[in-house]
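>>> predicted model and sequence below, questions to follow.
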Amino acid sequence: MVSLDVVAAAGSGAGRVGRYFTVVSALPSSVFFLYVYVLAKTGAWGGQLRWKSVATLDPGQLLLVGVAALVLALVLNPVQVGLVRLFEGYWGATSLGRQLAVMRTMHHRRRRYSYLDEQQSAARQVANLEAAGRVSLRSADASAGLVEAALRRDRSRDVVADYPEEYSAILPTRLGNVLRRYEQSAGQPYGIDALRSIPRLAMVAGERELEFMRDQRMQMELAVRTAFLALVAVVVTMAFMWRHGFWLLLALLPYAFAFIAYRGATALAREYGVSLAVMVDLSRFRLYDELRLPQLRSYTEELAQNRRLMRVFGSTRVDLGEYRESAADSVSPESPVSTPDDEESVEG
């Protein structure tokens, strides 16, 4: 994930940095401190609730709230990568962190297995019901049981799709698993390792691809920042309201915001992953050209080239000049250009 974070800043000018700071840092911090200000105005900390006092706003105090929000935004902005990694499930090397990570990772391994089993079971049920009733799911006469089985199949397939293919790659959180899935799958059809290649691709990608990626990334980070500050607000609310009976339930309000924001971050992570995959699809040939690599004539040649190129990207000891010579030698002038049928047989 750290390597992919380089992409967020690639090609960003001052205007984009200012927009990012305003949206991701300043706005959530302002809302957070405004909420804390309202709690403080109630007098709950002193032991007596006075909700009517909230209606009287002090301009000096509001200015202080604005300054505090700005300071918090400045403090949190450099650690945004760390916040994302925290929500991904990278919880450090302490004994407690490892135990929590193992517990949540095992939960998600079981969850993926359960939904994969349900997907296969529902798919068999759909096939059996279609055969027994001799009616397709696409038909208007499909039974309620057939439709219900299809819904279970599709729901289970969507859940499984949010996980990496290998159980060994599963992380402790939903957000981490979605991002890990795209880290491994973006560029996979072309033999491209996303973690090694996307920072380079971002330097040559077209403005449309970069803008699409930046927008998805910004929205995801805004959701992560909102979830983090909402969780902090839960603790602050409990500190203010623990002596005031049922008013302690007010902590459920920021908790609900944190829950919704985190689920939103997970959904936005899918869109961010798709934007990375799109950038690989559309920009990889620009990267080949920038590296002055030989002209490709087939899918097979591209796979062979990228296997060598990933070794170059992953090592500081490989000479790119030697790579170009070996790549050029591998493209023989007598080699026939692959036909679509040849490509299909290779892919198969």
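Yep, that arrived.

>>> I'd like to know how far Trp45 sits from Met103.
Look at Trp45 and Met103: by C-beta to C-beta, to the nearest Å, they are 35 Å apart. Bear in mind the C-beta positions are built from the backbone N, C-alpha and C, glycine included.

>>> now swap in Glu88 and tell me
16 Å.

>>> hmm, Gln219 is touching Ala267, no?
No - applying C-beta atoms under 8 Å, one finds Gln219 not in contact with Ala267, separated by 9.6 Å.

>>> of these two, who's got more company?
Neighbour count, other C-beta atoms under 10 Å: between Gln219 and Ala267, Gln219 has more, with 19 against 16.

>>> which one is that one nearest to, not counting chain neighbours?
Spatially, and ignoring its direct neighbours in sequence, Gln219 is nearest to Leu268 (4.9 Å; C-beta to C-beta, 6 or more residues apart in numbering).

>>> Tyr35 too?
Excluding its sequence neighbours, the residue lying closest to Tyr35 (C-beta to C-beta, 6+ apart) is Ala233, at 5.8 Å.

>>> who are the neighbours in contact with the one you found?
By C-beta atoms under 8 Å, 6 or more residues apart in numbering, the residues touching Ala233 are Phe32, Tyr35, Val36, Pro254, Phe257, Ala258.

>>> for ChimeraX, what selects the buried ones among these?
Of these, the buried ones go into a single ChimeraX selection, burial set by 16 or more other C-beta atoms under 10 Å:
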select :32,35,36,254,257,258
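
>>> residue ranges for the helices of this protein, please.
Residue ranges of the helices in the chain, as given by DSSP state H, are 2-9, 14-20, 27-41, 59-76, 80-88, 95-133, 144-161, 174-185, 194-204, 207-241, 252-290, 299-313, 320-330, 340-347.

>>> and Lys52, which of these is closest to it?
helix 27-41 (9.8 Å; C-beta to C-beta).

>>> how distant is the closest one from the center of its chain?
Centroid separation for helix 27-41 versus its chain: 28 Å, with C-alpha atoms, centre = their mean, to the nearest Å.

>>> mind listing what's buried along it?
Per 16+ other C-beta under 10 Å, helix 27-41 contains these buried residues: 27-33, 35-37, 39-41.

>>> pLDDT and distance to Phe246 for those - can I get that in a markdown table?
Compiled in a markdown table, these are given as follows (pLDDT from 0 to 100; distance: C-beta to C-beta, whole Å):
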| residue | pLDDT | distance to Phe246 |
| --- | --- | --- |
| Leu27 | 92 | 31 |
| Pro28 | 94 | 28 |
| Ser29 | 94 | 29 |
| Ser30 | 93 | 29 |
| Val31 | 94 | 25 |
| Phe32 | 95 | 24 |
| Phe33 | 93 | 25 |
| Tyr35 | 93 | 19 |
| Val36 | 93 | 21 |
| Tyr37 | 91 | 23 |
| Leu39 | 91 | 16 |
| Ala40 | 89 | 20 |
| Lys41 | 88 | 20 |
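
>>> can you tell me, leaving aside adjacent residues, what's nearest to Val126?
Nearest residue to Val126 in three dimensions, chain neighbours excluded: Ala149, at 4.8 Å (C-beta to C-beta, 6+ apart).

>>> show me which helix or strand of the chain is least confident by mean pLDDT.
When the helices and strands of the chain are scored by mean pLDDT, DSSP states H and E, helix 340-347 comes last with a mean of 43.

>>> follow-up on the earlier one: return the residues in contact with the residue nearest to Val126.
Shown in contact with Ala149 (C-beta under 8 Å, 6+ apart): Ala122, Gln125, Val126, Leu129.

>>> okay if I get the helices of the chain as a markdown table plus distance to Trp51?
Shown next, in a markdown table, are the helices of the chain (distance: least, C-beta to C-beta, whole Å):
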| stretch | distance to Trp51 |
| --- | --- |
| helix 2-9 | 42 |
| helix 14-20 | 37 |
| helix 27-41 | 9 |
| helix 59-76 | 17 |
| helix 80-88 | 33 |
| helix 95-133 | 38 |
| helix 144-161 | 43 |
| helix 174-185 | 36 |
| helix 194-204 | 50 |
| helix 207-241 | 12 |
| helix 252-290 | 15 |
| helix 299-313 | 60 |
| helix 320-330 | 68 |
| helix 340-347 | 67 |
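
>>> of all these, which one is nearest Leu49?
Nearest of the helices of the chain (C-beta to C-beta): helix 207-241, 8.7 Å.

>>> can you get me a residue count around Ala127?
13.

>>> swap that for Leu210, please
Counted with other C-beta under 10 Å, residues neighbouring Leu210 total 22.

>>> ok, the one 5 residues further on next?
By other C-beta under 10 Å, 14 other residues sit near Asp215.

>>> name the nearest residue to it, sequence neighbours excluded.
Excluding the flanking residues, the one nearest Asp215 by C-beta to C-beta, 6+ apart is Ser275, at 7.9 Å.

>>> so that neighbour makes contact with Glu211?
No - shown here, Ser275 and Glu211 do not form a contact pair, counting by C-beta under 8 Å, at 9.5 Å.
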